[in-house]
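Enquirer: predicted model and sequence below, questions to follow.
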Amino acid sequence: MATSAEAIVDLGAIAHNTRVLKRAMGDAALMAVVKADGFGHGAVAAARAAVEAGAGWVGVTSAFEALEQRAAGLDVPILAWMCGPQDDLAALAEARITLSVATLSHLDAIAAEAERRGVALDVHIKADTGLSRGGAVRSTWPELFGWARKYESAGQVRITGLWSHLANAEETDHPSLAAQQAAFADAIDLARAAGLAPATLHLANSAGILQVPTARFDLGRAGIALYGVPPVPGVDFDLRPAMTVRAGVVQAGDGRAVLPLGFGYGVPRRLGGVAEVLIHGVRRPIMGPVAMDHLVVDVGELPVTEGDEAVFLGPGDRGEPTAVEQAELAGTNPHELLTGIGVRLPRRHLLHTEA
Ligand SMILES: Cc1ncc(COP(=O)(O)O)c(C=O)c1O
């Protein structure tokens, strides 16, 4: 019996998913993508669980996220891919963050910082191979690679990686998949022709890791699958969902139960009237609309009393809705739903999967 709402994060599930993904990568490495507070699961705890289970890299977007991991004591290579010349390059260099670069102005700024420090800084160049959402566009590759080589020769940077991001690895026969792989091959050839020798090539996200062997290269960047959500709807990859969002009933009567869970905690407002929660072992509908701090469940004849548990989402083992189901009803994807579970909802991390 408990009345507060919480997100329970099963770190044992994250460890299990890491092992599934690492197995798919074979001898190549796995990166745990823990941006957006580990897709809502807690970035530091998620990274730690994944690294202990075999992830050799951690991936984030911002300088803040990268520095947070180092400050927490994480010692594996960290790639940050949404930094720019305006970021605190001194702090990033000090923390040994590998920076992703897509523009010459960013590369120039990193080289200048390296000169000040008298050490070479590690860089992965991101090539846009067709997603058109960041990365050096093809027309800029010759100049960018040329400058990268010059800075490398001057001892200012080490181009240790070359990478890109797939638009659609969920459908293995999607034409963009072959086109992006061909463009990535061109980028590799051009980089090598410019004298670069990036040791770590990477292209695949979760879906790529699990079902596109030709996209695996040296490193796979796993996000959603790490948290147990199948990257391809309906396909069983033996992943375990890591998050459960639950709450205790704070008020019951008249066939209704009030739960202290609302859109202020990340339950989409539009789920009112369309989604269900699990209570007393059965699914009961949310009466719309979801408020900021609470929602109301139509419990019918169930003998619900204060403190009884209701589950908004979880692995589905007990019949509760999954993140995939709730996201679909909300008209979004599980990524948005899970990252929307805000810090207002306390997280409780379980070290091992509890049966
Ligand atoms: C650059 C990059 N790589 C990998 C991932 C992980 O993608 P997924 O969640 O599909 O595994 C993301 C997340 O969106 C990303 O932005």
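Expert: Looks like it came in fine.

Enquirer: from here on, contacts and neighbour counts on C-alpha atoms
Expert: Noted.

Enquirer: what about the residue lying closest to residue 119 once chain neighbours are set aside, how many residues nearby?
Expert: By the measure of CA to CA, 6 or more residues apart in numbering, the closest residue to residue 119 outside its immediate chain neighbours is residue 156, 6.4 Å from it. Taking other CA atoms under 10 Å as the neighbour definition, residue 156 ends up with a count of 25.

Enquirer: ok, residue 156 to residue 147 distance?
Expert: Here residue 156 is placed at a distance of 11 Å from residue 147 (CA to CA, to the nearest Å).

Enquirer: where in this structure is pLDDT low?
Expert: For the chain, the stretches with pLDDT under 70 are 1-3, 353-355.

Enquirer: flag every residue of it that's near the ligand.
Expert: Counting by CA under 6 Å from any ligand atom, the chain comes close to the ligand at 33, 165, 205-206, 221-225.

Enquirer: make it 8 Å
Expert: Where the chain comes near the ligand, counting by CA under 8 Å from any ligand atom, the residues are 33, 35, 59, 61, 81, 164-165, 203-207, 220-226, 231, 335.

Enquirer: helices of the stretch 1-150 of the chain, start to end?
Expert: 11-25, 35-39, 43-52, 63-71, 89-94, 104-117, 141-153 (DSSP state H, counting those that start in this stretch).

Enquirer: so who does residue 69 touch?
Expert: Contacts were defined as CA atoms under 8 Å, 6 or more residues apart in numbering; by that measure residue 69 touches 43-44.

Enquirer: go again with 10 Å.
Expert: Residue 69 is in contact with 34, 43-45, 47-48, 58-60, 75-76, 78, 95, counting by CA atoms under 10 Å, 6 or more residues apart in numbering.

Enquirer: wait, which of those residues is closest to residue 304?
Expert: Residue 304 lies nearest to residue 45 out of those, by CA to CA, at 34.4 Å.

Enquirer: okay, now the residue nearest to residue 181 when sequence neighbours are not counted: neighbour count?
Expert: Across the structure, with CA to CA, 6+ apart as the measure, the residue nearest residue 181 apart from its sequence neighbours is residue 215 (7.1 Å). The burial metric for residue 215, expressed as a neighbour count using other CA under 10 Å, is 25.

Enquirer: do the same with residue 318
Expert: 11.

Enquirer: I'd guess it is in a helix, am I close?
Expert: No - the assignment for residue 318 (DSSP: H, G, I helix; E, B strand; the rest coil) gives coil, which keeps it out of a helix.

Enquirer: what's around the nearest residue to it once chain neighbours are set aside, how many residues?
Expert: Counting by CA to CA, 6+ apart, the nearest residue to residue 318 once its immediate chain neighbours are dropped is residue 281, at 7.3 Å. Neighbouring residues of residue 281 were enumerated by other CA under 10 Å; the total is 13.

Enquirer: show me which of the contacts of residue 69 is closest to residue 176.
Expert: Ranking these by separation from residue 176, with CA to CA as the measure, puts residue 59 on top at 24.0 Å.

Enquirer: quick one: the helices in the stretch 201-350 of the chain?
Expert: Shown for the stretch 201-350 of the chain, the helices assigned by DSSP H, counting those that start in this stretch span residues 206-211, 323-329, 334-340.

Enquirer: for the residue nearest to residue 318, phi and psi?
Expert: Residue 281 adopts backbone torsions of phi 80, psi 0, taken as degrees, to the nearest 10.

Enquirer: next one: it from residue 267, what distance?
Expert: Using CA to CA, residue 281 is found at 21 Å from residue 267.

Enquirer: ok, residue 340 next?
Expert: Residue 340 sits 8 Å away from residue 267, going by CA to CA.

Enquirer: tell me which of these two has more neighbours.
Expert: Each of residue 340 and residue 267 has its neighbours counted (other CA under 10 Å); residue 267 has more, 28 against 18.

Enquirer: list the contacts for the more buried one?
Expert: Taking CA under 10 Å, 6+ apart, one finds 245, 261, 290-295, 312-313, 326-327, 330, 337-338, 340-342 in contact with residue 267.

Enquirer: so where do the strands sit in the stretch 251-355 of the chain?
Expert: If you assign secondary structure with DSSP state E, counting those that start in this stretch, the strands in the stretch 251-355 of the chain sit at 251-253, 256-259, 276-279, 282-287, 295-298, 309-313, 347-350.

Enquirer: contacts for the shortest one, please.
Expert: Going back to what we said before, that points to strand 251-253. Outside strand 251-253, the residues that touch it by CA under 10 Å, 6+ apart are 3, 257-260, 296-297, 299-301, 303-308.

Enquirer: just checking: what are the partner strands of that strand?
Expert: Within its sheet, and counting by DSSP bridges, strand 251-253 is paired with strand 256-259 (antiparallel).

Enquirer: so what touches the strand it pairs with?
Expert: Judged by CA under 10 Å, 6+ apart, the contacts made with strand 256-259 from elsewhere in the structure are 3-5, 246-252, 279, 286-287, 293-302, 304-312.

Enquirer: how many residues are close by the nearest residue to residue 255 once chain neighbours are set aside?
Expert: Taking CA to CA, 6+ apart, and ignoring the residues beside it in sequence, residue 255 has residue 300 as its nearest neighbour in space, at 4.7 Å. The burial count assigned to residue 300 is 14, neighbours taken as other CA under 10 Å.
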